[in-house]
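> Here you go, sequence then predicted model.
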Amino acid sequence: MLKKIRIKHLFIILPLVVLAGFIGLKVFLAVKAKSSIQTTATSQGGGGGRGGGGGRAQQVQTGLVSRGKISEKVSLTGSLKAKERVDVNPKIPGRLTEIKFDTGQAVSRGALIAVIEDDEIRQQLERSKAAIAVVDASIAQREAELRNAKVELDRKKQLVEAGLLSQNELDALETRHLVAQSQLELARAQRRQTEAEQRELAIRQGQTRVYSPIGGIVARRHVDTGAMVNSSTPIVTVVSISQMVIEAMAAERDIARVERGMPVNVTIDSLPGQQFTGRVMRIAPLLDPQTRNGLVEIEIPNRDGRLKGEMFARIELGLGTERETVLLPRDALVYRGEQPGVYTIVSDTAKFLVVETGLTHEDKVEVLSGLKEGDVVITRGSNLIKDGDRVRTMEKSSAGPQKQAASAQPSGTR
């Protein structure tokens, strides 16, 4: 019995031993292969580009920290909009019989845009003219009756004075005269009422012609001939693009120094290489309570029509302050997390220095602390190295970064 138990245990342990040996062999072969690859790489060229100080030296370019003038500016963004934009709506409902302009066509102020069917109104005008003619005939009749009543009244008065006619008969004639006079006034009032209705119909007939309230270009045509329209239905949209407007949001710290009439420089992403000038025309008196930003409205002349609505614009607004400061080549600036700094070269080794930066303009950054004029910093290649790496400087052209840095006087932007 004991012998059978031992044989059973042997059959269980033996496969486990074989499996453990197989796994050990695989691990040994993997470690040996990795060691062989590392040895080959070392024999072919030394340490990697981002290795420690003992590896191959990285090629870098350097720039010079210089001193120059910088003017404080604010950068804003926004979309171009037409200064004037009007949806041309009819004043009365009806069916369009004609539209004079299409999208993209220029219109002048007061130009006829569309015509609404006016058959019914013309018929009402004809009826009104006929009603006036009837009233005129009635007035003529009442005037004749009044004259007859007056002549008879005057004659009867003489008879009363002669004692040939009673006072009662005279009173009846006077009443008849007053009635004739009242009927004449009523007919004249009816004529004035009919004339007012006729003038109202003439106004409505004039409203069947839709005119443009501004001069500009038809930006959009909303309906076609034959459509039913009313006062809430736009026929076309007319925009005046001789002046464009940008509505930009400025931060609380900047808007307090922005003044009406300040000049601005504007660049358009879709028009590279071109620069436009404008002026600050309106500044919102209230800030957004959520963002603490305020609206600044800028107008830009657009005499040649190159600027189109909704183009994305970048605005540079000078705040009028200029100062002498230390300037750093922008491509030398690197970050460790959120900490800005630069690499300098000490004994052919890269050394990271923490710097405090200020304004930025194009290829220059203001240095508030950490560097002084004349310091040499790594520019090209600074993002590929780390503190302690061996570096060597590339050959520079005769007009190298140092000479360019010394002559630069940029303007700063927040």
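Thanks, I have the structure now.
> Name whatever forms a beta bridge with the closest residue to Glu117 other than its chain neighbours.
Spatial nearest neighbour of Glu117, excluding adjacent residues (C-beta to C-beta, 6 or more residues apart in numbering): Arg95 at 4.6 Å. The C-beta positions use only the backbone N, C-alpha and C, and glycine is treated the same way. Arg95 has these beta-bridge partners by DSSP bridges: Met228.
> residues in contact with Arg95?
Counting by C-beta atoms under 8 Å, 6 or more residues apart in numbering, Arg95 touches Ile116, Glu117, Gly226, Ala227, Met228, Val229.
> Buried among the residues you listed? Make that a ChimeraX selection.
A single ChimeraX command suffices to select whichever of the contacts of Arg95 are buried according to 16 or more other C-beta atoms under 10 Å:
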select :116,229
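> and the contacts of Arg95 as CSV, adding pLDDT and distance to Val134?
As requested, those are arranged in CSV below (pLDDT from 0 to 100; distance: C-beta to C-beta, whole Å):
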residue, pLDDT, distance to Val134
Ile116, 94, 30
Glu117, 93, 28
Gly226, 92, 38
Ala227, 92, 39
Met228, 93, 35
Val229, 92, 35
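> can you list the contacts of Arg95 in CSV and add distance to Glu324?
CSV is the format used below for those (distance: C-beta to C-beta, whole Å):
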residue, distance to Glu324
Ile116, 69
Glu117, 74
Gly226, 71
Ala227, 67
Met228, 71
Val229, 66
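> Please, which helix or strand holds the closest residue to Thr379 other than its chain neighbours?
Take Thr379 and drop its neighbours on the chain: the residue closest to it by C-beta to C-beta, 6+ apart is Gly63, 4.2 Å away. Gly63 is part of strand 62-64 when elements are defined by DSSP states H and E.
> Just the buried positions in that strand, please.
Thr62, Gly63, Leu64.
> rewinding a little: which strand residues bridge the residue nearest to Thr379?
With DSSP bridges as the rule, Gly63 is bridged to Val377.
> All further residue positions should be reported with the first residue as 519.
Yep, numbering from 519; the last one is Gly581 now.
> Low-confidence ranges, the stretch 819-932 of the chain, go.
838-839, 913-932 (pLDDT under 70).
> Show me where it has its helices.
919-925 (DSSP state H, counting those that start in this stretch).
> Quick one: residues contacting Glu670.
Taking C-beta under 8 Å, 6+ apart, one finds Leu691 in contact with Glu670.
> tell me the mean pLDDT over the helix or strand it falls within?
Using DSSP H and E, Glu670 maps to helix 637-679. Across helix 637-679, the average pLDDT comes to 82.
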